[in-house]
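Novice: let me see the structure of the following:
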Amino acid sequence: MKVVVLGKEHLSGIGKKSGKPYDSNVVHIRFKQSGVDGEAVDSVWLDPAFIALAHIEVGATYDLDRDGRGQVVGFERVGVK
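Specialist: Numbers count the residues shown, from 1 in each chain. Predicted coordinates for the structure are as follows:
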């Protein structure tokens, strides 16, 4: 699915409910969705080992792939070789 990055941030800490540490890059995206007048938005959590925050460009278009469980398995910039 093609998405446009609207914003990005790095989050880390200890989960309040689980008590487990987390470390993630979060990208805020917009995309076309059936039934939506305009565009939909979402936030996607990415493992920093998967893609560094510095390599994500705000305003750029990416191809976002998810597996059958909704886990991100691909996040590549469109038009860049």
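
Novice: any idea how far the residue located most distally from the centre of the chain lies from His10?
Specialist: Largest separation from the mean C-alpha position in the chain: Gly19, at 23.7 Å (Cα atoms, centre = their mean). According to Cβ to Cβ, to the nearest Å, Gly19 stands 21 Å off from His10. From N, CA and C alone the C-beta is placed, and that goes for glycine too.

Novice: cool, Ile51 as well?
Specialist: Taking Cβ to Cβ as the measure, Ile51 falls 12 Å from His10.

Novice: those two: which is more packed in?
Specialist: Ile51 (18 against 12; other Cβ atoms under 10 Å).

Novice: okay, that one: pLDDT?
Specialist: In this model, Ile51 is scored at 93, pLDDT.

Novice: quick one: low-confidence parts of the protein?
Specialist: Within the chain, the stretches with pLDDT under 70 are 81.

Novice: so which residue is smack in the middle of it?
Specialist: Geometric middle of the chain (Cα atoms, centre = their mean) lands on Val44, at 3.3 Å.

Novice: list phi and psi for that residue.
Specialist: When quoted as degrees, to the nearest 10, the phi and psi of Val44 stand at phi -120, psi 130.

Novice: His55 now?
Specialist: Backbone phi and psi, for His55 under degrees, to the nearest 10, turn out to be phi -90, psi 0.

Novice: can you confirm Ala54 is in a strand?
Specialist: No. Checked against DSSP: H, G, I helix; E, B strand; the rest coil, Ala54 lies outside a strand; its state is helix.

Novice: before we move on, the earlier item: name the nearest residue to the residue nearest to the centre of the chain, ignoring sequence neighbours.
Specialist: Distance criterion Cβ to Cβ, 6 or more residues apart in numbering; nearest residue to Val44, sequence neighbours excluded, is Val27 at 5.2 Å.

Novice: who does the one you found bridge with?
Specialist: On the basis of DSSP bridges, Val27 is bridged to Lys8, Val44.
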